[in-house]
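Enquirer: 3D model of this:
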Amino acid sequence: MQLVTRNKNGDFGEISVSDHVFGLEYKPGLVHQVITAYLANARSGTRAQKNRAAVSGGGAKPHRQKGTGRARAGTSRSPLWRSGGRTFAAQPQSFAQKVNRKMYRSALRSILSELVRQERLLIVPNFELTEVKTKALANKLAELAVTNDVLILVDEVNTPLTLASRNLPNVDVLTARMVDPVSLVAFAHIIATEAAITKLEERLI
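Expert: Here you go, the predicted structure:
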């Protein structure tokens, strides 16, 4: 299939891409499953609280059983007491969800195909800056009629572009090898170089 490309002068061209990557049916169930698993796998799961067995102290009975007018107590580490243990204390746990490679790649292809249908994917011949400045990147995005909430995909690490984008809100730069499902659906616009499109096809076919 053919996709339209556009340069900073507004001139249009075409690039040939694989139907197997950019022309597939959208699978919302699969995309939801993969994104949910991706976010779950990013959780550290290290939260921990102390229950009444783990807090220090509380070995001796705080006061005698009767005659004080207070409620009876056998330990000062009861969950009812200040500094006592936590009821149903949270413990470290793994939130990992398994997603095999075939499902992951299929979800990426499904998302890319949907981006093409929604006209949210803009392909440019290249994306080079004249100087490493935020203003230069902002001007370049304005030339492409995309001002905010944009993900820029490049074929390899582009340090000047990454540095220029750091101070622009809702603008990020990723390589085709590092792009993930969450990043693709999180941004309103995706700008990809032709070389990045080629790398994506090599990764997903």
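Enquirer: Any figure for the gap between the residue nearest to Ser18 when sequence neighbours are not counted and Lys8?
Expert: Of all residues not flanking Ser18 in the chain, Glu201 sits nearest, at 5.3 Å (CB to CB, 6 or more residues apart in numbering). For glycine as for every other residue, the C-beta is placed from the backbone atoms N, C-alpha and C. Using CB to CB, to the nearest Å, one gets 24 Å for the distance from Glu201 to Lys8.
Enquirer: pretty sure the residue nearest to Ser18 is in contact with Asp19, am I right?
Expert: No - judged on CB atoms under 8 Å, Glu201 makes no contact with Asp19 at a distance of 10.7 Å.
Enquirer: Neighbour count for these two, which is higher?
Expert: Glu201 (17 against 9; other CB atoms under 10 Å).
Enquirer: mind listing what's buried in the one helix or strand that one maps to?
Expert: Using DSSP states H and E, Glu201 sits within helix 194-204. By neighbour count on 16 or more other CB atoms under 10 Å, the buried set for helix 194-204 is Glu194, Ala195, Ala196, Ile197, Lys199, Leu200, Glu201, Leu204.
Enquirer: Next: stretch 155-162.
Expert: Asp155, Asn158, Leu161, Thr162.
Enquirer: pLDDT weak spots in the chain?
Expert: Of all residues in the chain, none has pLDDT under 70.
Enquirer: at 90 instead, please
Expert: 6-12, 128, 130, 143-148, 205 (pLDDT under 90).
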